[in-house]
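Visitor: could you look at this predicted model? Sequence included:
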Amino acid sequence: NNTKPMKNLFKILILSLFTLTFGQDCIDGVEVELWGECYNIEETYYLDLSFHGLNGQIPSEIGELTNLQELVLFENNLTGEIPSEIGNLVNLYRLELDHNQLTGQIPPEIGNLINLVHLELDHNQLTGQIPSEIGNLINLNHLGLYVNQLSGQIPLEIWNLTNLNSLILLDNQLTGQIPSEIGNLVNLEYLYLGLNFFNGSIPPEISSLSNLRTLILFSGNFSGDILPYLTEMENLIFLVLGGDNNFSGQIPSEIGNLTNLEELNLWGNNFSGEIPNEIGNLVSLQRLWIDGNNFSGQIPNSLSDFENIYSINISNNQFSGLIPDSICDLGLDWSQWDNQVTNGLYNNNFCPPYPDCLSEIDLGYQNTSECVECSNLNGDINNDNILDILDIVFTVNCVLTQSCDSCSDMNNDDIINIQDIILMIGEVLDNP
């Protein structure tokens with residue numbers, strides 16, 4: 001009789017269809033169903049469903065997995081708000097919901113997760129203010145809220161999270177000023193605040209962040225002086241202050257302390273003054289972008305000490321004098337222009353003669369209206385085609401009054417001083 005096997009097969013098909021239609025038949029009170037799978041409430045400690053193509057909202061039942069220590073759901077298509085029940089997962093030390101399409105506000109219940117070490121909510125569409133309850137997460141090492149639509153001021157409680165190693169709030173709509181309490185984050189290594197709508201200056205207390213390796217403040221609407229507060233950060237590798245900021249002041253000679261620096265990016269601000277010769281101490285530097293400021297004076301010869309440099313942009317400033325021939329030793333293509341390598345000298349006040357390695361395209365426009373035409377006779381300062389005591393007197397006077405032009409630079413070191421006077425005296429004695 002084949003009737004009984006056929007009935008059993010029919011039952012199996014019905015049960016399978018029921019399971020596919022209505023999900024898993026989870027054991028009530030023992031298991032919880034999430035995205036069509038059953039998870040044991042007591043025994044589920046780690047849940048990593050990243051890159052699983054998950055859709056829809058995060059079920060509120062997620063809050064029943066109270067022994068969960070890691071919840072990783074990044075790179076899916078999750079939508080809707082983060083459920084408040086997430087605050088029940090008090091044993092979590094890692095929460096990653098980034099790279100989804102989550103909306104709404106960050107639930108304040110997230111502040112219940114006092115064991116949390118790593119919180120990643122970036123690359124979503126979260127709105128509203130950062131809840132002050134995040135300040136309860138005293139064990140937090142990493143806070144990533146970047147690339148969202150968060151607004152308002154950074155809660156003061158954030159600046160008390162002294163165990164933070166990285167604070168990444170880049171690309172939101174945050175406003176207000178950065179408070180002096182930033183100096184509390186003494187363990188911070190990575191600080192990204194750019195692409196927001198802050199105002200005011202960075203407080204001097206930032207100098208307490210001696211472990212900082214990356215400081216990204218570009219397009220943050222900041223202003224004021226900042227560089228003197230950063231010169232003791234000897235671990236700093238990336239310093240990016242450029243673009244849509246209004247930082248000002250000069251580059252201090254102590255910038256030479258930052259020997260680990262690989263990128264110095266100051267473009268599009270209001271920095272001014274001369275570039276200190278100590279910049280040549282930045283032996284690890286690979287990218288120097290200081291274009292679009294009000295820097296002046298001559299390029300220091302020490303620029304040729306950059307052994308690892310691949311991109312220099314000093315265009316759109318007020319640099320003057322001669323471009324040192326040693327710039328050719330860098331081996332750069334001065335007309336190269338792309339996202340990673342942007343080299344530029346144009347829109348300055350550099351005077352001829354120019355180094356042989358530079359073409360007209362490399363140089364671009366230079367305002368030469370203040371350039372001095374030197375005599376063909378080296379040291380002939382008064383252009384009378386005679387090298388004599390008058391040229392020596394002229395040079396002594398201009399050194400004393402600090403009014404020398406490049407024609408008095410006898411040894412071509414871009415500095416007019418007693419050494420040039422001694423050389424000039426030697427020339428006069430050798431050619432009576």
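Guide: Received, thanks.
Visitor: so the residue most central in space within the chain bridges to which residues?
Guide: For the chain, residue 216 is the residue whose C-alpha lies nearest the centre (C-alpha atoms, centre = their mean; 2.7 Å). Residue 216 forms beta bridges with residue 192, residue 240, as assigned by DSSP bridges.
Visitor: if I pick it, what's in contact with it?
Guide: With contact set as C-beta atoms under 8 Å, 6 or more residues apart in numbering, residue 216 has these partners: 170, 191, 192, 193, 194, 238, 240. C-beta here means a position set from N, CA and C on the backbone, and glycine is covered the same way.
Visitor: who are the contact partners of the fourth one?
Guide: Going back to what we said before, that points to residue 193. Contacts of residue 193 by C-beta under 8 Å, 6+ apart are 167, 169, 170, 174, 178, 216, 217, 220.
Visitor: which residues sit against whichever strand or helix holds residue 32?
Guide: Applying DSSP states H and E as the criterion places residue 32 in strand 31-34. Applying C-beta under 8 Å, 6+ apart, the external contacts of strand 31-34 come out as 23-24, 26, 38-41, 47, 59, 61-62, 64-65.
Visitor: now with 7 Å?
Guide: Residues outside strand 31-34 that contact it (C-beta atoms under 7 Å, 6 or more residues apart in numbering): 23, 24, 26, 38, 39, 40, 41, 59, 61, 62, 64, 65.
Visitor: ditto for stretch 41-50
Guide: In this structure, residues lying in contact with stretch 41-50 by C-beta under 7 Å, 6+ apart are 30-32, 39, 64-65, 67-75.
Visitor: repeat that with 6 Å
Guide: Residues from elsewhere that reach stretch 41-50, judged by C-beta atoms under 6 Å, 6 or more residues apart in numbering: 32, 64, 65, 67, 69, 70, 71, 72, 73, 74, 75.
Visitor: nearest spatial neighbour of the second one, skipping sequence neighbours?
Guide: If I follow you right, that is residue 64. Leaving aside its sequence neighbours, residue 64 sits nearest to residue 32 (C-beta to C-beta, 6 or more residues apart in numbering; 4.7 Å).
Visitor: and that neighbour, how far from residue 38?
Guide: Distance, residue 32 to residue 38, by C-beta to C-beta, to the nearest Å: 7 Å.
Visitor: tell me which of these two has more neighbours.
Guide: residue 32 (21 against 16; other C-beta atoms under 10 Å).
Visitor: among the contacts of residue 193, which lie within helices?
Guide: Restricting those to those inside helices, with DSSP state H as the criterion, leaves an empty set.
Visitor: among those residues, which ones are in strands?
Guide: Filtering those for membership in strands, criterion DSSP state E, returns 167, 174, 216.
Visitor: rebuild these as CSV, extending it with pLDDT and distance to residue 105.
Guide: Listed next are those as CSV, based on pLDDT from 0 to 100; distance: C-beta to C-beta, whole Å:
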residue, pLDDT, distance to residue 105
167, 98, 20
174, 97, 14
216, 97, 25
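Visitor: ends of stretch 120-132, what's the gap?
Guide: Using C-alpha to C-alpha, to the nearest Å, the end-to-end distance of stretch 120-132 comes out at 17 Å.
Visitor: give the rounded mean pLDDT of it.
Guide: For stretch 120-132, the per-residue pLDDT values average out at 98.
Visitor: what is the helix or strand that comes right after the strand holding residue 32 packed up against?
Guide: Following the chain from strand 31-34 toward its C-terminal end, the next helix or strand by DSSP H and E is strand 37-40. Packed against strand 37-40, as judged by 3 or more C-beta pairs under 6 Å, 6 or more residues apart in numbering; DSSP states H and E, are the following elements: strand 31-34.
Visitor: can you give me the buried ones in the strand it packs on?
Guide: If you call a residue buried by 16 or more other C-beta atoms under 10 Å, then strand 31-34 has these buried ones: 31, 32, 34.
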